[in-house]
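J.: Prediction below, plus the sequence it came from.
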Amino acid sequence: MKIAISGKGGSGKTTISATLTRILARRGLPVLAIDGDPNPNLIQALGLGPGVEAEAVPRSVVERREDEAGQARHVLTTTIEDIVSQYGLKAPDGVTVLVGTRVDHAGAG
Ligand SMILES: Nc1ncnc2c1ncn2[C@@H]1O[C@H](COP(=O)(O)OP(=O)(O)OP(=O)(O)O)[C@@H](O)[C@H]1O
Ligand SMILES: [Mg+2]
């Protein structure tokens, strides 16, 4: 099951995401939480300390390729398992969390 949470600024997206993922993980489900906010703070909302820094998944894991019909497709250059083992953090209740994007400097968004 994939659940996407979106909405306007400050409406509780991160709080709901952290609460929902921890509830699902406590029920024994394997949970991968991905923070897609360019100013990410899901790892803190999940209970990881203020000193914990996550390395954001680099853009190079996705490549734009054309198929035989000339249709552009975005494909992963590595496996999900490799991405999770390299960039995933273990959070309380067994949630695994990835920071999917981050804007580090002007013009990088
Ligand atoms: N159900 C709630 N009742 C009261 N306050 C809440 C509730 N849910 C979230 N908040 C508070 O509202 C504020 C915004 O919540 P949150 O950061 O989860 O929103 P967001 O949609 O992720 O914001 P942003 O768009 O900045 O990423 C926080 O201070 C949070 O503690
Ligand atoms: Mg948020």
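T.: The structure has been received and is ready for your questions. Residues are numbered from 1 along each chain as shown. Ligands and ions are numbered 1, 2, ... in the order given.
J.: What about the residue nearest to Val97 when sequence neighbours are not counted, how many residues nearby?
T.: The shortest distance from Val97 to any non-neighbouring residue, by C-beta to C-beta, 6 or more residues apart in numbering, is to Ala33 (4.5 Å). (Glycine included, C-beta is placed from N, CA and C.) Ala33 is flanked by 26 other residues according to other C-beta atoms under 10 Å.
J.: Check for me that Ala33 belongs to a strand.
T.: Yes - counting by DSSP: H, G, I helix; E, B strand; the rest coil, Ala33 is part of a strand.
J.: who touches it in this structure?
T.: 17-18, 21, 42, 46, 91, 95-98 (C-beta atoms under 8 Å, 6 or more residues apart in numbering).
J.: Could you rerun that using 10 Å?
T.: Contact analysis of Ala33 by C-beta atoms under 10 Å, 6 or more residues apart in numbering lists 3, 5, 17-18, 20-22, 24-25, 42-43, 45-46, 88-89, 91, 95-100.
J.: Likewise for Ala91?
T.: 18, 21-22, 25, 31, 33, 42-48, 52, 97.
J.: Kindly report the same for Asp37.
T.: Asp37 touches 13-14, 17, 99-103, counting by C-beta under 10 Å, 6+ apart.
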